[in-house]
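Q: Build me a model:
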Amino acid sequence: MHASPAPIPGSRSETAADARSRALRTLVQALAVTAVVGASTAVYQLVTSGDALTGATVITAALTGAGTVVAAWVRRRLEGTPGGEG
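A: Predicted coordinates for the structure are as follows:
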């Protein structure tokens, strides 16, 4: 489990704080993965004669990370709403 500031268990502010916390952690993870993809692609490009590192590769990795962050935030917000899971 993770520790996040929670004013009142089950409250709207707790749900919002938890969603922000999850989104921030996911953002850091997405940045790390994007950096690894970029670094490994750059190394591959140096070792081979191909053009593996393109703008499309970088944009795809960045957009995938951004989409993951948004999905994590939305999921956490929905879990805290009446009728949501959990």
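Q: residues of the strand or helix carrying Ala62 that come out buried?
A: Secondary structure from DSSP states H and E places Ala62 in helix 55-79. By 16 or more other Cβ atoms under 10 Å, the buried positions in helix 55-79 come out as Ala61, Gly65, Thr68, Val69, Ala72, Trp73, Arg76, Arg77. Every C-beta, even on glycine, is put in place using the N, C-alpha and C of the backbone.
Q: Kindly report the same for stretch 28-45.
A: Within stretch 28-45, judged by 16+ other Cβ under 10 Å, the buried ones are Ala30, Thr34, Val37, Thr41.
Q: What pLDDT is listed against the closest residue in space to the first one that isn't next to it in sequence?
A: The shortest distance from Ala30 to any residue other than its chain neighbours is 2.9 Å, reached at Gly65 (Cβ to Cβ, 6 or more residues apart in numbering). The predicted local distance difference test score for Gly65 is 82.
Q: hang on, Gly65 packs against Leu31?
A: Yes. If you go by Cβ atoms under 8 Å, Gly65 and Leu31 touch, sitting 6.7 Å apart.
Q: Between these two, which contacts overlap?
A: The contact sets of Gly65 and Leu31 do not overlap (Cβ atoms under 8 Å, 6 or more residues apart in numbering).
Q: Fine by me, thanks again.
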